[in-house]
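J.: turn this into a model:
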Amino acid sequence: MLTFEKVLAVFADYLQHDPLYEVVLTKHGYTLMAWEPARSTWHSAEYTATPEALLDGLLDAYASFMEDQATGNERDLTEQETAEIKRQCDLLQAKCMVK
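T.: Numbering: from 1, shown residues only. This is a model prediction of the structure:
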């Protein structure tokens, strides 16, 4: 069974390295927040009602982070880079599903 705790444990290392995204526990539940450094403000906050929603949001954030790491926001991804990011996302998702 997928839990918030499992998703957070699997993504803990990634969240330590990405300066733009964090997960905050509010009194309403977990919220995935994205920081905009150029404006020093939060540019998005997504309430995640279920562990699956948190997983989906973190997979998207992780893929964006990996794309930025690969390209420096200077170019498009190559097919090989796209495939590697998908592979890494698939691995993280699989780790979340392990009991």
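J.: with adjacent residues omitted, what lies nearest to the most centrally placed residue in the chain?
T.: Centroid-nearest residue in the chain, with CA atoms, centre = their mean: L58, separated by 2.6 Å. With CB to CB, 6 or more residues apart in numbering as the criterion, L58 has its nearest non-adjacent residue at 4.9 Å, and that residue is F11. The way it works is simple: take the backbone N, C-alpha and C, and place the C-beta from them, glycine included.
J.: in which helix or strand does the residue nearest to the centre of the chain reside?
T.: helix 51-71 (DSSP states H and E).
J.: mind checking the SS state of the residue nearest to L58?
T.: When classified by DSSP: H, G, I helix; E, B strand; the rest coil, F11 comes out as helix.
J.: can you give me the pLDDT of it?
T.: Model confidence at F11, given as pLDDT, is 98.
J.: for it, give its distance to L25.
T.: Relative to L25, F11 is positioned 14 Å away (CB to CB, to the nearest Å).
J.: give me the number of residues near I85?
T.: By other CB atoms under 10 Å, 19 other residues sit near I85.
J.: for it, give me its contacts.
T.: By CB atoms under 8 Å, 6 or more residues apart in numbering, the contact list for I85 reads A63, M66, E67, A70, L77.
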